[in-house]
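Novice: return atomic coordinates for the entry below.
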Amino acid sequence: MNTVTDQSSATAVRPSTAARVGIGGPVGSGKTALLEQLIPRFAARGTNLAVITNDIATREDAERVRRSGLIAPERVLAVETGACPHSAIREDPTLNMESADALDRKFSGLELILIESGGDNLASSFSLDLVDYWLFVIDVAGGDDIPRKRGLGVLSCDLLVINKTDLAPYVRVDLPRMVREANEVRRGKSVLLTNCATGEGVDAIVETIAREVLFDR
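Specialist: Here you go, the predicted model:
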């Protein structure tokens, strides 16, 4: 996807590049675990893939992904935001845009760049100057009232992921209610459930991205 629209509805056009998909959400919701489940599934599809991770003052997530053996280490770049994580994905995404451009130049035929945000609050969102499509990950351990709080991430993302569904009985979360209220506040926009510890539900995310972003290329 090469034509993107920013949040003020103005239209910008990038040169031909890999599709860029953001993964955001609160601390501990399972963003990196989801990333680690997505990488091998896209690799199995033959997707030419790279990754960018964001942390405030470390490269911990990038190093974790590099050590995972799931992807060639040189295909993983780290951005140190030096400030609130949302600043580098929304207010001024320049560092991430430069990193994505560098990956495009380095890897011929690159099709998809997954951009993981640092952990942030329910108000975080991605600039559409940076990404073509973005996921927001919440988890049941955070409480089944998260959808009712109507955070910007929950409302605005292209795909809401409710993770750690296996924990619902142990944290006294009414999962059907949580899903129902998520669908209500999102007014029909996609909601998917996962257990990223086991990979349950991740195939549906891959299929959604392939269909809506990669157009099954």
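
Novice: buried sites along the helix or strand hosting residue 33?
Specialist: Per DSSP states H and E, residue 33 falls inside helix 31-44. Neighbour-count burial for helix 31-44, counted by 16 or more other Cβ atoms under 10 Å, picks out 31, 32, 33, 34, 35, 36, 37, 38, 39, 40, 41, 42. Using the backbone N, CA and C atoms, a C-beta is placed for each residue, glycine as well.

Novice: tell me the contacts of the residue nearest the centre of the chain?
Specialist: The centroid of the chain falls nearest to residue 23 when counting by Cα atoms, centre = their mean (1.2 Å). Shown in contact with residue 23 (Cβ atoms under 8 Å, 6 or more residues apart in numbering): 31, 34, 35, 114, 115, 116, 117, 134, 135, 137.

Novice: narrow these to those in helices?
Specialist: 31, 34, 35 (DSSP state H).

Novice: could you pull out the helices for the chain?
Specialist: Under DSSP H, the chain gives helices at 31-44, 60-67, 94-106, 152-156, 175-186, 202-212.

Novice: starting at the chain centroid, how far to the second one?
Specialist: Yep, that's helix 60-67 we're talking about. Centroid separation for helix 60-67 versus its chain: 16 Å, with Cα atoms, centre = their mean, to the nearest Å.

Novice: for the record, mean pLDDT for that helix?
Specialist: The average pLDDT within helix 60-67 is 92.

Novice: what's the angle from it to helix 31-44?
Specialist: For helix 60-67 against helix 31-44, the angle by axes from the mean of the first three to the mean of the last three Cα atoms, to 10 degrees is 30 degrees.

Novice: for helix 60-67, packing partners?
Specialist: When contacts are defined as 3 or more Cβ pairs under 8 Å, 6 or more residues apart in numbering; DSSP states H and E, helix 60-67 packs onto helix 31-44, strand 49-55, strand 76-80.

Novice: got CSV for these, with mean pLDDT too?
Specialist: Compiled in CSV, these are given as follows (pLDDT from 0 to 100):
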stretch, mean pLDDT
helix 31-44, 97
strand 49-55, 95
strand 76-80, 94
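
Novice: for residue 206, find the nearest of the ones you listed.
Specialist: Evaluated over the helices and strands packed on helix 60-67, closeness to residue 206 peaks at helix 31-44, with 4.6 Å, by Cβ to Cβ.

Novice: now the angle from that closest one to strand 49-55?
Specialist: Using the same axes, to 10 degrees, helix 31-44 lies at 170 degrees relative to strand 49-55.
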